[in-house]
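**Q** Provided below are the primary sequence and the corresponding predicted coordinates.
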Amino acid sequence: MRHTDILIVGQGIAGTLLSYELMRAGKSVLVLDQPTGHQASLVASAVLNPLIGKSWTVAKDAEMLIPLAARTYRLLEQILDAALLSEKSLLVFHRHEEDAANFEQQTRTGNPYIALPCEDTIEQLKLQWIIPRSIGQVTPVFTIDAALLLSKWKQYLQSRASFIEEQFLYNGLSLAAGKLVYKDIRADKIVFCEGATGRKNPFFPVQNFTANRGDALILSIPGLATGSIYQRGIRLVPKSDGLFWCGSNYTWKYETLNPDLGWQKETLIELESWLKLPFELVSHLVAERPTTAGQVPILAQHAEYTNMFCFNGLGTRGFSAGPYLAGQMAAMVTS
Ligand SMILES: Cc1cc2nc3c(=O)[nH]c(=O)nc-3n(C[C@H](O)[C@H](O)[C@H](O)COP(=O)(O)OP(=O)(O)OC[C@H]3O[C@@H](n4cnc5c(N)ncnc54)[C@H](O)[C@@H]3O)c2cc1C
């Protein structure tokens, strides 16, 4: 029988950041994860953006969350010897007068993140894009190389015998006399971080825990500058492998996680109408965002089995709010 202080189920961004925080607090962890091909953390654009689209106002807590997140990813870069965080600007091509007016209004109210791009930038953009009358710029925004972070963190855990690639079965957990036993593992505590599949977790039937699906396209666009994220309704986000992430939609009613080919076609037509460069579709990804009705993350302790916890419901903000929330969750688990 092996012993661990804390057994963690799921290694998306939630399980990754939580295991990091718990190890920092001196705890031993054992992470169980079985990839599904639809992990939200690997489908996400993983952008840290301080502003709320449309109104272009500063998002609640962004001034605390984003610098804290950037610091956490920088520390992980040092531990994992990997470039995870890139600073970018977000170029917004306004489709509607109202959007442009909201943006201009924010420049007048001293919003520190937004500006109007200079003439040189606009001239450069005109070579590659059909430019609308009005363009805005948001800086700084950050992208995280999520695939690299998750794979490097998995290797890091493996090198410490702290990772097992397998599906956790809820009915395999024994709770006799307050002890947590799963197969040959004895754990003082367990934290569930299963993302959207967590809404089937029998130990945490959290009311309002739901999910919405998002599709994303991976595109090859030779020649397109990779220093910026481009937004005109849909977003094009440069990836570290030279490809571009393109998305996304929010679908509340769906029966499968098969690619939405209608959305794919519309998106490619839309892109063709404003991008002058040729591009090629490389793949179409789909995942569910784990969320709650009020978009309140789930940081919960079981009422009866007090050594059982749930860290989930990160919604659209797993990468930006995740580092702060993982710190809060770790404090709850270790107190
Ligand atoms: C299209 C799209 C775009 C997004 N863009 C952004 C963005 O720009 N910025 C941002 O901050 N957020 C973004 N998000 C949201 C972000 O992706 C999520 O908030 C975050 O990834 C959720 O992470 P998670 O770890 O909770 O879930 P997941 O990433 O789904 O991870 C859960 C893990 O648990 C594993 N698992 C589940 N059940 C079991 C089991 N029984 N046994 C073993 N393993 C199990 C799964 O295989 C998976 O590896 C986006 C999401 C989508 C879909």
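**A** Arrived safely, thanks for sending. Residues are numbered from 1 along each chain as shown.

**Q** Quick check: nearest residue in space to F204, chain neighbours excluded?
**A** On the basis of Cβ to Cβ, 6 or more residues apart in numbering, the spatially nearest residue to F204 that is not a chain neighbour turns out to be C310, at 4.2 Å. From N, CA and C alone the C-beta is placed, and that goes for glycine too.

**Q** same deal with W153?
**A** Excluding the flanking residues, the one nearest W153 by Cβ to Cβ, 6+ apart is T16, at 4.8 Å.

**Q** Now do that neighbour: how many residues are near it, please.
**A** 28 (other Cβ atoms under 10 Å).

**Q** helices and strands around the helix or strand hosting it, which ones?
**A** Assessed by DSSP states H and E, T16 sits inside helix 13-24. Where contact means 3 or more Cβ pairs under 8 Å, 6 or more residues apart in numbering; DSSP states H and E, helix 13-24 is packed against strand 2-9, strand 29-33, helix 40-43, helix 62-80, helix 146-159, strand 308-312, helix 318-334.

**Q** that older thread, quick one, what contacts the residue nearest to F204?
**A** 191-192, 198, 201, 203-204, 206, 298-300, 302 (Cβ atoms under 8 Å, 6 or more residues apart in numbering).

**Q** switch the cut-off to 7 Å
**A** 192, 198, 204, 206, 298, 300 (Cβ atoms under 7 Å, 6 or more residues apart in numbering).

**Q** Test for you: state the pLDDT assigned to the first one.
**A** Per-residue confidence for F192 comes out at a pLDDT of 98.

**Q** next one: the last one
**A** Among the per-residue scores, A300 holds a pLDDT of 97.

**Q** any idea of the mean pLDDT in stretch 168-179?
**A** On average, stretch 168-179 scores 90.

**Q** for it, how far is the first residue from the last?
**A** 17 Å (Cα to Cα, to the nearest Å).

**Q** which other residues reach it?
**A** By Cβ under 7 Å, 6+ apart, stretch 168-179 touches 9, 32, 180-183, 186, 201-202, 305, 307.

**Q** one more time with 8 Å, if that's ok
**A** 9, 32, 34, 180-183, 186, 190, 194, 201-203, 305, 307.

**Q** buried subset of those residues?
**A** Neighbour-count burial (16 or more other Cβ atoms under 10 Å) is assigned, among the contacts of stretch 168-179, to 9, 32, 180, 182, 190, 194, 201, 203, 307.

**Q** where does the closest residue to the third one other than its chain neighbours fall, helix, sheet strand or coil?
**A** When the adjacent residues along the chain are set aside, L180 lies closest to A187, with 4.6 Å between them (Cβ to Cβ, 6+ apart). Of the three states, A187 takes strand under DSSP: H, G, I helix; E, B strand; the rest coil.

**Q** A187: neighbour count?
**A** The burial count for A187: 23, using other Cβ under 10 Å.

**Q** what residues are up against it?
**A** Contacts of A187 by Cβ under 8 Å, 6+ apart are 3-7, 30, 180-181.

**Q** contacting residues for the closest residue in space to S45 that isn't next to it in sequence?
**A** If the residues on either side of it in the chain are set aside, S45 comes closest to V237, at 4.4 Å by Cβ to Cβ, 6+ apart. Taking Cβ under 8 Å, 6+ apart, we find V237 in contact with 45, 47, 143, 229, 244-246.

**Q** so what strands line up beside whatever helix or strand V237 lives in?
**A** Assigned by DSSP H and E, V237 falls within strand 234-238. With DSSP bridges as the test, strand 234-238 is paired with strand 228-232 (antiparallel), strand 244-247 (antiparallel).

**Q** Identify whichever of these lies nearest to the ligand.
**A** strand 244-247 (5.1 Å; Cβ to the nearest ligand atom).

**Q** Centre of the chain to the closest one, how far?
**A** Distance of strand 244-247 from its chain centroid, counting by Cα atoms, centre = their mean, to the nearest Å, is 14 Å.

**Q** so which of the helices and strands packed on helix 13-24 is the most packed in?
**A** strand 308-312 (a mean of 26; mean count of other Cβ atoms under 10 Å).

**Q** Model confidence at P117, what's the number?
**A** In this model, P117 carries a pLDDT of 87.

**Q** let me fix that: V333
**A** 98.

**Q** What is the neighbour count of A101?
**A** 12.

**Q** what helices or strands is the helix or strand containing it leaning on?
**A** Element membership for A101, per DSSP H and E: helix 97-108. On a contact count with 3+ Cβ pairs under 8 Å, 6+ apart, helix 97-108 meets strand 114-115, strand 135-144.
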